[in-house]
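> could you look at this predicted model? Sequence included:
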Amino acid sequence: MFDPHKIREHFPILKRKVNDYPLIYFDNAATSQKPIQVINAIKDFYEKHNANVHRAVHTLSQEASELYEDAHDEVARFINARGIEETVFVRGTTEAINLVAYAWGLHNLGKDDEVVVSLMEHHSNIVPWELISRIRGFKIRFAEVNRNGALNYESFEDLISKRTKIVCLSHVSNVTGIINDVKRVAKLAHEHGALMLVDGAQSVPHMPVDVRELGIDFLAFSGHKMLGPTGIGVLYGKSDILDKMEPFQGGGEMIKEVSFSGKTGRCSIEWNSLPWKFEAGTPDVSGAVGLREAVRYLRQLGMENVKKHEERLTSYAVPRMEECSEKVEIYGPTDFSSKCGIIPFGVRGLSSHDVALFLDNFGIMVRSGFHCAQPLHELLKLDSSARASFYVYNTQEEVDRFVQVLEEIGQF
């Protein structure tokens, strides 16, 4: 059975105290904590197998290469990709989206083209397209979000046209936790001959994600949000699309052959096979080992169980927060069946940073600010927001303590 109290035993950091109070970590949308299994896997790699991959024939290099390739395979099976050739390892969601923008967008977008992006996107799914548009001259069109924070699908239908070349949408909003119907939008994009890129930073760690069932072309996500280490992430891409794309970076590993012609004074270069074509230089091998272990841990828990656990916590927390003080406000949709475990909120009369600092005095960690999604905050007419976000190790008892402190903030 899924028991968060037993799961907590695997997370050493949850045993510490902050300001003499037990640590309550509700900032999981920013980054998750790491189980001892992941920590030990990284430690074991450095103690026993550390070497560069795909570079040598000696034992350590062969072992490191096998671990690194196996990590790709674990991730591919986790999201139901067709194989490791469709799973490119990057630093995180941000680099994955930048890879698509520069390696695909720079070569396929022109002044008569359009990119459609929603107004609820994280800055990492807005800024790269803005940078590329300044070079290539294409237009970015923004799909609207309703006043309650839900996506306006009719706006997508109005915006996507024969000029649209790619549609970019977050699977789950990192501000409201609302789950978007990316399958519906992908179908619409494909009907107009456009590609579909999905920001899965907040979905892959919290719910089952099947890239083939969703019918998407690209999926970006980060290891550190799904119990893995920082500095490792994934770009899923359909192999036929990746195969036609130019590399994002040049250097070692991403080439198969480089030869110099004295007659022309130029080099002839043949790219490596997928996914190595997009993984220039020495990769984060220890990060890949940690990510592999994190994926195994989540698979053992069952992603449907992870999603249900967060739904239970959210459906328990929201009414309690609404009842604890008249000054506590919850933003965005509260339909728990269409949300992951993210609750944006505020306390009237206090900034989000004031709220976060007050909670920190009692050992409770929440996020405050724009959460790298300023356009959505402006649309919701919010100066900023505090954000509580849950994960597999959070409990109802922690929610009770959180609400108790919120009540004190309301009185203050």
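Thanks, I have the structure now.

> any stretches of the stretch 51-200 of the chain with poor pLDDT?
Along the stretch 51-200 of the chain, the model assigns pLDDT under 70 to no residue.

> spell out the residue ranges of the helices in it.
In the stretch 51-200 of the chain, the helices defined using DSSP state H, counting those that start in this stretch lie at 59-79, 93-99, 106-108, 127-136, 153-159, 182-191.

> could you dump the ones you listed to a markdown table with distance to G200 and mean neighbour count?
The way it works is simple: take the backbone N, C-alpha and C, and place the C-beta from them, glycine included. Formatted as a markdown table, the helices of the stretch 51-200 of the chain follow (distance: least, Cβ to Cβ, whole Å; neighbours: other Cβ atoms under 10 Å):
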| stretch | distance to G200 | mean neighbour count |
| --- | --- | --- |
| helix 59-79 | 8 | 19 |
| helix 93-99 | 8 | 25 |
| helix 106-108 | 22 | 14 |
| helix 127-136 | 16 | 16 |
| helix 153-159 | 18 | 16 |
| helix 182-191 | 9 | 19 |
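
> these: which one's closest to E378?
For those, proximity to E378 was assessed by Cβ to Cβ; helix 127-136 is nearest, at 15.7 Å.

> list the contacts of the closest one.
Counting by Cβ atoms under 8 Å, 6 or more residues apart in numbering, the neighbours of helix 127-136 from elsewhere in the structure are 97-98, 100-102, 105-106, 109-111, 113, 115, 117, 138-140, 168.

> same thing with stretch 372-382?
Contacts of stretch 372-382 from elsewhere in the structure, counted by Cβ under 8 Å, 6+ apart, are 119-124, 126, 142, 145, 147, 149, 173-176, 331-332, 346, 370, 383-385.

> apply 10 Å and report the result again.
The set of residues external to stretch 372-382 that reach it, using Cβ atoms under 10 Å, 6 or more residues apart in numbering, is 30, 94, 117-127, 142, 144-149, 170, 173-176, 329, 331-332, 344, 346, 352, 369-371, 383-385.

> let's see which of those residues end up in strands.
Residues from the contacts of stretch 372-382 lying in strands, with DSSP state E as the criterion: V117, S118, F142, S170, E329, P344, G346, G369, S385.

> could I have stretch 305-319 exported to CSV, CA atoms only?
Only the C-alpha atoms of stretch 305-319 are listed here, as CSV (Å, rounded to 0.1, in the frame of the first residue of the first chain):
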residue,chain,number,x,y,z
ASN,A,305,-0.7,6.0,-6.8
VAL,A,306,1.4,9.2,-6.7
LYS,A,307,-1.3,11.1,-8.4
LYS,A,308,-4.1,9.8,-6.2
HIS,A,309,-2.0,10.6,-3.1
GLU,A,310,-1.6,14.2,-4.2
GLU,A,311,-5.3,14.5,-5.0
ARG,A,312,-6.2,13.3,-1.5
LEU,A,313,-3.8,15.8,0.1
THR,A,314,-5.0,18.7,-2.0
SER,A,315,-8.7,17.9,-1.5
TYR,A,316,-8.0,17.8,2.3
ALA,A,317,-5.9,20.9,2.4
VAL,A,318,-8.0,23.4,0.3
PRO,A,319,-11.1,23.3,2.5
